[in-house]
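S.K.: Sequence plus predicted model, see below.
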Amino acid sequence: QYGPAVCLVAASYTGCDPYLTVGILTIGLGFNGAVYSGFKVNHLDISPRFAGILMSFTNCLANLAGLLAPIIAGYVIQGKPTQAAWRVVFVAAAVVYLFSSTFYIA
């Protein structure tokens, strides 16, 4: 997940170039696709008997991030939708990627 984090930070500095921004975000999502081959089988490695229950708990927590992200982004860019405000949103998302990946490796 270090690849998508780097791409998010890079995309926050592209300015108003939509093609470059979309290209960098596409590359970042391509890197993010590699995540699914690792964590989906992790539940089976931890506990084959309770893999379904583990998946339900972890998936619930993961979906909370998807629920909270637009709310937090709305507070950050409220009243001032500037490039600097969006940079804060992108860097915050990159920090979440970096923290979760470092935590998983540890």
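M.R.: Yes, it's here. Numbering: from 1, shown residues only.
S.K.: what mean pLDDT would you report for stretch 70-85?
M.R.: If you average the pLDDT over stretch 70-85, you get 90.
S.K.: Centre of the chain to that stretch, how far?
M.R.: 17 Å (CA atoms, centre = their mean, to the nearest Å).
S.K.: buried ones in that stretch?
M.R.: Ala73 (16 or more other CB atoms under 10 Å). Just so you know, the C-beta spots here come from the backbone N, C-alpha and C atoms, and that holds for glycine as well.
S.K.: Using PDB, write down the CA coordinates of it.
M.R.: Provided in PDB are the C-alpha atoms of stretch 70-85 (Å, rounded to 0.1, in the frame of the first residue of the first chain):
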ATOM      1  CA  PRO A  70     -16.400  11.900   2.600                       C
ATOM      2  CA  ILE A  71     -17.500  13.400   5.900                       C
ATOM      3  CA  ILE A  72     -14.000  14.300   6.900                       C
ATOM      4  CA  ALA A  73     -13.200  15.600   3.400                       C
ATOM      5  CA  GLY A  74     -16.300  17.700   3.600                       C
ATOM      6  CA  TYR A  75     -15.200  19.300   6.800                       C
ATOM      7  CA  VAL A  76     -11.700  20.000   5.400                       C
ATOM      8  CA  ILE A  77     -12.800  21.600   2.200                       C
ATOM      9  CA  GLN A  78     -15.900  23.300   3.500                       C
ATOM     10  CA  GLY A  79     -16.100  26.900   2.300                       C
ATOM     11  CA  LYS A  80     -12.600  26.800   0.700                       C
ATOM     12  CA  PRO A  81     -12.400  24.200  -2.100                       C
ATOM     13  CA  THR A  82      -8.800  25.100  -3.000                       C
ATOM     14  CA  GLN A  83      -5.900  23.000  -4.100                       C
ATOM     15  CA  ALA A  84      -4.300  23.300  -0.700                       C
ATOM     16  CA  ALA A  85      -7.500  22.000   1.000                       C
END
